[in-house]
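Student: Got a sequence here, can you build the structure:
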Amino acid sequence: MAPSLHPLHRAVLFVSFLPIWALAVIPPELYSPLIPQKVLKIAERQDKTMYPQWTAVDQSTWQYYPTDTWTSGFFPASMMLLNERGRLCPGSNMITNVQTSTSLSHAREWSESLTTLEVQNNVKHDVGFISFPFWEELKINSANSDAAAHVNAFAKYLAGRFNPRVGCTESWDTPGTNLFKVIIDNMINLELFFISADLNGNNTYRQMAMQHADHTMQNHIRNDGSTFHVVIYDRNNGTVVARQTSQGFSDGSTWTRGQAWAMYGFTSIYNRTGEQRYLETARKVSQFYIDSLPSPSTVPPWDFNAPQPAPRDTSSAMIAANALLFLSQMEKKQNPPNNERANYWTDKAITLLTDTVKMAWRPEPQWEPLLSNGTANKPAAKPPGGNYNTGLVYGDYYFIKAGNTLLEMGLATCSSGSGTPTQPDSTNGNFGTQSSTAIQSPVGLLGFVTLMTLLLGTSLVI
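Tutor: Numbers count the residues shown, from 1 in each chain. Take a look at the predicted model:
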């Protein structure tokens, strides 16, 4: 008979097979001083009516688009986040005090042109994204009357796209038809209604947001938690005419950025309303996303059902990571706090951040964005074969935002950016890091202690 192992020896064997998520660490690149350097270099441009949106396929420089483009709010909002980082960590090596101040002044300069879209525009429902910088202004000073006026103007415009027969705000115009198109992305723009309602007491805006969310739950989300990109209604009676995609692989597939929008949107709606159905939906769509991620790198393909190998989409990963951190915070607010679920979502978010950094962090100065490997629109006709393997301004925005959120959650410290992520990773041709100054996720320690306790039959004091 083979000799039996001491329980501690058995523990050592099992610890070798701890899942990677139990050992996730926060990548220090999230706090690299290169972030404000890169962003503020672009902010020095004279023309502040042409906004960085993406790079061409496998190219390193930003391409610029007019103000009346759905992505125009992300660049000034990114600078607002840098200012927030400076206020969270004054005098740190992440961002200097001068950069903190400069970020705010540049953000305001780059936001001026956005106000021209308050009454007439081509971005339609995406006035929510356009108004991001003004949301951030109100966080700095809730009594900022100019920012409040801009938020209220954009909310009024969005309310004008609400159809009570459908119960949603319209995403894309279909002139001359009875078709009423709603895309999953619209979940993010609903926060605009709540912010404006807080400012002016217009409860109708809150009801519009909740009706839209309820119809999205019913008609965009499949039984398994995946999502349709586009739902087309009859504008006269609200019946569903079709479910399809515009940016995904097929009508029945799951476009990963759309899934991430749903994750964040339903978490946001729950945060605003406390209605349990929105929390359950946020959990459902988030679990589908996690269960569908590839391995070993969890950076998602542009569509979960796209033929492999498929281009990845780091913007989807960054939106999803932020959604998971947000969801974790909502779990902590449960009574009693749902710490186990909160730690689970947090660790999945950190894994996405870590894998994205390994694949796509680009510190070299000739690469103007922060990240690569984004997919803007794979099915697009121009350029041929779609726009992928790019830098994306919204991917960079959510990369910065995740770093700030981890600081606010107390999971990272103001010294977390002390590493020097400058050396290339020879295994994949991208740039990696030499440092390991990040903070270990609490789930790693919790998982280790739980496992050891089970194996040894005793409690471990740490």
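
Student: Give me the neighbour count for the residue nearest to D58 when sequence neighbours are not counted.
Tutor: Excluding its sequence neighbours, the residue lying closest to D58 (C-beta to C-beta, 6 or more residues apart in numbering) is N389, at 5.2 Å. In short, each C-beta sits where N, CA and C put it, glycine included. Neighbourhood size, N389 [other C-beta atoms under 10 Å]: 20.

Student: Relative to T71, how far out is N389?
Tutor: Distance of N389 to T71, given as C-beta to C-beta, to the nearest Å: 18 Å.

Student: Same check on P311?
Tutor: 19 Å.

Student: just I140 next, same as before
Tutor: For I140 relative to T71 (C-beta to C-beta), the value is 23 Å.

Student: How about Q207?
Tutor: Using C-beta to C-beta, Q207 is found at 29 Å from T71.

Student: More neighbours: those two, which one.
Tutor: More crowded of Q207 and T71, by other C-beta under 10 Å: T71, with 20 against 15.

Student: Quick check: the closest residue to that one other than its chain neighbours vs H212, distance?
Tutor: In space, and not counting its chain neighbours, T71 is closest to Q53: 4.7 Å by C-beta to C-beta, 6+ apart. Using C-beta to C-beta, Q53 is found at 26 Å from H212.

Student: what about the strands in the chain?
Tutor: Remark: strands assigned in the chain by DSSP state E are 50-55, 62-66, 162-163, 168-169, 179-183, 230-234, 240-244, 374-377, 387-390.

Student: With respect to burial, which of these scores highest?
Tutor: strand 168-169 (a mean of 27; mean count of other C-beta atoms under 10 Å).

Student: Which strands or helices does that strand pack on?
Tutor: strand 162-163, strand 179-183, helix 186-189, helix 203-219 (3 or more C-beta pairs under 8 Å, 6 or more residues apart in numbering; DSSP states H and E).

Student: average pLDDT across the third one?
Tutor: Averaging pLDDT along helix 186-189 yields 98.

Student: And the second one, by the same measure?
Tutor: The predicted model gives strand 179-183 an average pLDDT of 98.

Student: now the angle between strand 240-244 and it, please.
Tutor: Angle, strand 179-183 to strand 240-244, by axes from the mean of the first three to the mean of the last three C-alpha atoms, to 10 degrees: 40 degrees.

Student: which other residues reach strand 179-183?
Tutor: Contacts to strand 179-183, defined as C-beta atoms under 8 Å, 6 or more residues apart in numbering, come from residues 125, 163, 166, 168-172, 174, 212, 215-216, 220, 229-235, 241, 246, 258.

Student: mind running it again at 7 Å?
Tutor: 163, 166, 168, 170-172, 174, 229-235, 241 (C-beta atoms under 7 Å, 6 or more residues apart in numbering).

Student: Same question for the third one.
Tutor: Applying C-beta under 7 Å, 6+ apart, the external contacts of helix 186-189 come out as 125-129, 158, 169, 171, 212-213, 216, 261-262, 264-266.

Student: Helices - which of those land there?
Tutor: V127, G128, F129, L158, H212, A213, T216, W261, A262, Y264, G265, F266 (DSSP state H).

Student: Buried members of those into ChimeraX, please.
Tutor: Selection of the buried residues among these in ChimeraX, burial being defined by 16 or more other C-beta atoms under 10 Å:
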select :127,128,129,158,212,213,216,261,262,264,265,266
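
Student: Closest one to M409 out of the ones in helices among the contacts of helix 186-189, please.
Tutor: Distance to M409, by C-beta to C-beta, is smallest for Y264 among the ones in helices among the contacts of helix 186-189, at 16.0 Å.

Student: How about that closest one: what's its closest non-neighbour residue?
Tutor: With C-beta to C-beta, 6+ apart, the residue lying closest to Y264 is A323, at 3.9 Å.

Student: ok, the residue nearest the centre of the chain - contacts?
Tutor: Closest to where the C-alpha atoms of the chain average out (C-alpha atoms, centre = their mean) is I319, at 1.8 Å. Contacts for I319 (C-beta under 7 Å, 6+ apart) come out as R257, A260, W261, Y264, Y398.

Student: Tell me the one of those nearest L30?
Tutor: Lowest distance from L30 to those (C-beta to C-beta) belongs to Y398, with 11.3 Å.

Student: dump the residue contacts of the closest residue to that closest one other than its chain neighbours.
Tutor: Spatially, and ignoring its direct neighbours in sequence, Y398 is nearest to M318 (3.6 Å; C-beta to C-beta, 6+ apart). The contact partners of M318, by C-beta under 7 Å, 6+ apart, come to T356, G395, Y398, F399, A402.

Student: Filter those down to just the ones in helices.
Tutor: Reading helices off the contacts of M318 with DSSP H, I get T356, G395, Y398, F399, A402.

Student: Can you tell me which of those are buried?
Tutor: Of the ones in helices among the contacts of M318, these count as buried by 16+ other C-beta under 10 Å: T356, G395, Y398, F399, A402.

Student: my guess is the first one contacts A317, does it?
Tutor: The one in question is T356. Yes - counting by C-beta atoms under 7 Å, T356 does reach A317; the two are 4.9 Å apart.

Student: Now do the shared contacts for the two.
Tutor: Any residue near both T356 and A317 by C-beta under 7 Å, 6+ apart counts here, and that gives V299.

Student: Tell me the bridge partners for Y64.
Tutor: P52 (DSSP bridges).

Student: pretty sure it is touching W54, no?
Tutor: No - the criterion here is C-beta under 7 Å, and Y64 misses it with W54 at 9.9 Å.
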